[in-house]
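S.K.: sequence? don't have it. structure:
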């Protein structure tokens, strides 16, 4: 093996290393730290995988909950538009780049689906950006092509800005790549579906660091 990837921040939200900012996994809290020691000693390149907005620890936090148009929360995700969570992810990355790694892989860079996020913060922000009433509905969005296009663009901009903020941290450390995970899924229409459902503008995201990691279903 010349290179491997290992999970540093799990989709449960728990850190698999001795973090000072993220909750530490009770059973596997030294997993990534141990892998980093082994790969460093063996001369194997290590990439640290971090789940961003798939986070069931903070997914239940009222400050970060993400909701669909019916007001139902998905507690395995956080709202990608919450800039306070971007800062939290930056802090996590600041810790991880101190390990002997060759790169960071960001996974879970996604809204749950196209009808997310209807949290109060997102409704307020989008209504102001689009010049519409804050009490807008999902049916109202879908029935207005121009408005729906603004909705999709607004969400993609949130994902792009969040990843860009994380990259600001990574690029401070020489020799570490950032691979941005995108989801190419035939069930939702491949690249167009990544944009429409997940808020991932694949071409724009590829321009942040010059690297993508493509999850092909």
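M.R.: That came through, no problem. All figures in this text were calculated on a predicted structure; none of them were measured in a lab.

S.K.: CA only for contacts and neighbour counts going forward, please
M.R.: Fine.

S.K.: so for whatever helix or strand residue 159 lives in, mean pLDDT?
M.R.: Using DSSP states H and E, residue 159 falls within helix 145-170. Averaged across helix 145-170, pLDDT comes to 98.

S.K.: try stretch 31-46
M.R.: 98.

S.K.: mind listing what's buried in that stretch?
M.R.: For stretch 31-46, the buried set under the neighbour-count rule, 16 or more other C-alpha atoms under 10 Å, comprises 31, 32, 33, 35, 36, 39, 44, 45, 46.

S.K.: hang on, the earlier thing: so the helix or strand that the helix holding residue 159 is followed by versus helix 145-170, what angle?
M.R.: Moving toward the C-terminus from helix 145-170, the first helix or strand encountered (DSSP H and E) is strand 177-184. On the basis of axes from the mean of the first three to the mean of the last three C-alpha atoms, to 10 degrees, strand 177-184 is oriented at 150 degrees to helix 145-170.

S.K.: who touches the helix or strand just after strand 177-184?
M.R.: Counting by DSSP H and E, the next helix or strand C-terminal to strand 177-184 is helix 190-198. Contacting residues not belonging to helix 190-198 are listed as 110-115, 152, 156, 182-185, 188, 200-202 [C-alpha atoms under 8 Å, 6 or more residues apart in numbering].
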